[in-house]
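>>> predicted model, plus sequence, below.
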Amino acid sequence: MARNLLSLTPLRLAATAAALCSLILASSTAAAAGLPPSTWVALTTLPGANHSPIFALAVNPANDQQLIAGNGAGGLYQSEDGGTTWKSVHPGTASILAVAFSPFNPALVLAGTQGGGGFVSTDGGTHWAAASGLENRNVRAFAFARTLVVTGTDHGVYTSETGVAWTASGLATTSIDAVSVAAVNPPVKLVAGGDGGQGAITLYQSVDGGNSWAPLNPAISGTIITRLASGPLPPTGDVRPLVVGTNSGLFISTDNGKTFTALSAGQLLPSTDYTQIGFTATHFDRFFVASDGGGAESGGLWSTADSGQHFSSLQPPLPSVTALAVSGDQQPILFVATFRAADHVPMLWAFRDTGGTPQGPVTNATPTATASRTNPPGTSFLDLLRALFSSQIPYLALGVVALLLIALAVVSQLRSRRR
């Protein structure tokens, strides 16, 4: 290769250099899109985010490079390259509490705020408008059926056919923090939960698309339902698993909410608040759960591939996970927001879960069910460099070698002209 380069004219050298640079850039871009297996990679922080935590994160179910994020300052941001770059798509003053793509129509994206109602995008998150009917509401969660969208607010449940206009659908005196769709086809079955008050938790169920509601009264611990998630249908039957996160634990039901099994405490998971739950698109028994630790050091991120019989820690770089989005890939990408309480720094990460031992920019592991962290984790500059460039090293090395060869060729050409 060196001999061939030495024989090139200066004009051809310039063309060769441009081609090699293009190849290097293309390889680097491909590497950024194809994350290394089971490795934590730092993403670019949101522009102008300052010290605002990121509470909402969503990934297009049909395109794992398209993300929407919302933070405590009220901004909505869009990325078209898996979090490498971000642009502001909607400024705001009310904290963004929830963002969700419709799994049935990825062009439909919804966002909920703290006291500022809801917003809707019909072009994948590029343009946004206020959702009518949700004005001045705390809009905390969304769920989707094929012909219906549902949201939980501080004044009950609201439903919509398109996500643009919303109608109150009951439980108006209950503060709803979480909603889920148990049956996506008519008659649509819904589950909702939130702050039960008086130290009691109450789940509500609707079997007619939100027209009427009845309490489930599950035997689960805690005082607030923080998250609900329904998985895809199993290979046989028509009952989707329902996972419930509370401010003190995690529970699962496989019989439409009639009975629940505790997944936290003991040897499975720590007893903490579980605020994030995400299923994979095609596996009813594979899901991810996360916690911000409630201000303590008991947060983290865990995965299961057998409906919660076993969990493994994915060892996120920081234990306080404030947002989670799971891509629709067979080997899903987890997009994760963390928050470092010591200096109020929000961070974004990506992790392609291939089932291997988690690798990452820090060595501190996420706490397990039987151990607690005593020293808060940190992320050094070297850690971030390792996260950013670990998957790019082969391409960077190739680029350095190519540029050295070009430099040698230029020197050789200049010497030959002087003779």
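Noted; the coordinates are in hand.
>>> where does the protein have low pLDDT?
1-33, 49, 196-200, 235-238, 266, 295-296, 362-419 (pLDDT under 70).
>>> which residues touch the closest residue to residue 316 other than its chain neighbours?
Using CB to CB, 6 or more residues apart in numbering and skipping residues adjacent in sequence, the residue nearest residue 316 is residue 301, 4.7 Å away. Using the backbone N, CA and C atoms, a C-beta is placed for each residue, glycine as well. Residues near residue 301 by CB atoms under 8 Å, 6 or more residues apart in numbering: 276, 288-290, 313-316, 321, 324, 334, 336, 366.
>>> most widely separated two among the residues you listed?
Using CB to CB, the pair of the contacts of residue 301 lying farthest apart is 276 and 315, separated by 15.8 Å.
>>> could the contacts of residue 301 be laid out in JSON lines, adding neighbour count?
Formatted as JSON lines, the contacts of residue 301 follow (neighbours: other CB atoms under 10 Å):
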{"residue": "276", "neighbour count": "24"}
{"residue": "288", "neighbour count": "25"}
{"residue": "289", "neighbour count": "26"}
{"residue": "290", "neighbour count": "30"}
{"residue": "313", "neighbour count": "17"}
{"residue": "314", "neighbour count": "22"}
{"residue": "315", "neighbour count": "23"}
{"residue": "316", "neighbour count": "28"}
{"residue": "321", "neighbour count": "26"}
{"residue": "324", "neighbour count": "22"}
{"residue": "334", "neighbour count": "24"}
{"residue": "336", "neighbour count": "28"}
{"residue": "366", "neighbour count": "26"}
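>>> ok, those vs residue 249, which is closest?
Nearest member of the contacts of residue 301 to residue 249, counting by CB to CB, is residue 289, at 10.6 Å.
>>> enumerate every residue touching the closest one.
243, 245, 250, 263, 269, 274, 276-277, 301-302, 304, 311.
>>> redo these as TSV? Include secondary structure and distance to residue 223.
TSV is the format used below for those (DSSP: H, G, I helix; E, B strand; the rest coil; distance: CB to CB, whole Å):
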residue	secondary structure	distance to residue 223
243	strand	18
245	strand	13
250	strand	15
263	coil	18
269	strand	19
274	coil	14
276	strand	19
277	strand	18
301	strand	24
302	strand	23
304	strand	25
311	coil	24
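>>> partners of the residue nearest to residue 316 in the sheet?
residue 290 (DSSP bridges).
>>> all numbers from here: first residue = 2
From this message on, residue numbering opens at 2, which makes the last subject residue 302.
>>> where's it relative to residue 354, distance?
Separation of residue 302 from residue 354 (CB to CB, to the nearest Å) stands at 10 Å.
>>> need the residues touching each of those two.
Common neighbours of residue 302 and residue 354 (CB under 8 Å, 6+ apart) are 289, 315, 335.
>>> the second one - nearest residue in space that isn't next to it in sequence?
For residue 315, the nearest residue in space outside its immediate sequence neighbours is residue 302; the separation is 4.7 Å by CB to CB, 6+ apart.
>>> where exactly do the helices run in the stretch 152-301 of the chain?
Here the stretch 152-301 of the chain has no helices by DSSP state H, counting those that start in this stretch.
>>> can you tell me the centre-most residue of the protein?
residue 326 (1.9 Å; CA atoms, centre = their mean).
>>> now the host helix or strand of that residue, how far from the centre of its chain.
In this structure, residue 326 is located in strand 322-327 according to DSSP states H and E. Relative to the centre of its chain, strand 322-327 is centred 4 Å away, using CA atoms, centre = their mean, to the nearest Å.
>>> which helices and strands does that strand pack with?
strand 55-61, strand 277-280, strand 288-292, strand 301-305, strand 334-341 (3 or more CB pairs under 8 Å, 6 or more residues apart in numbering; DSSP states H and E).
>>> next SSE downstream of the longest one?
Downstream of strand 334-341, the first helix or strand assigned by DSSP H and E is strand 346-353.
>>> and the strands in the stretch 152-301 of the chain?
Using DSSP state E, counting those that start in this stretch, the strands found in the stretch 152-301 of the chain span residues 157-161, 168-169, 177-184, 190-195, 204-207, 215-216, 226-231, 243-247, 251-254, 262-263, 277-280, 288-292, 301-305.
>>> tell me the strands beside the longest one, with direction?
This means strand 177-184. strand 190-195 (antiparallel).
>>> tabulate the CA atom coordinates of the strand it pairs with in PDB.
Taking C-alpha atoms only, strand 190-195 is exported to PDB below (Å, rounded to 0.1, in the frame of the first residue of the first chain):
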ATOM      1  CA  LYS A 190     -59.000  -3.500  28.700                       C
ATOM      2  CA  LEU A 191     -57.200  -0.800  30.800                       C
ATOM      3  CA  VAL A 192     -55.400  -0.800  34.100                       C
ATOM      4  CA  ALA A 193     -54.700   2.400  36.100                       C
ATOM      5  CA  GLY A 194     -53.100   3.100  39.400                       C
ATOM      6  CA  GLY A 195     -51.600   5.900  41.500                       C
END
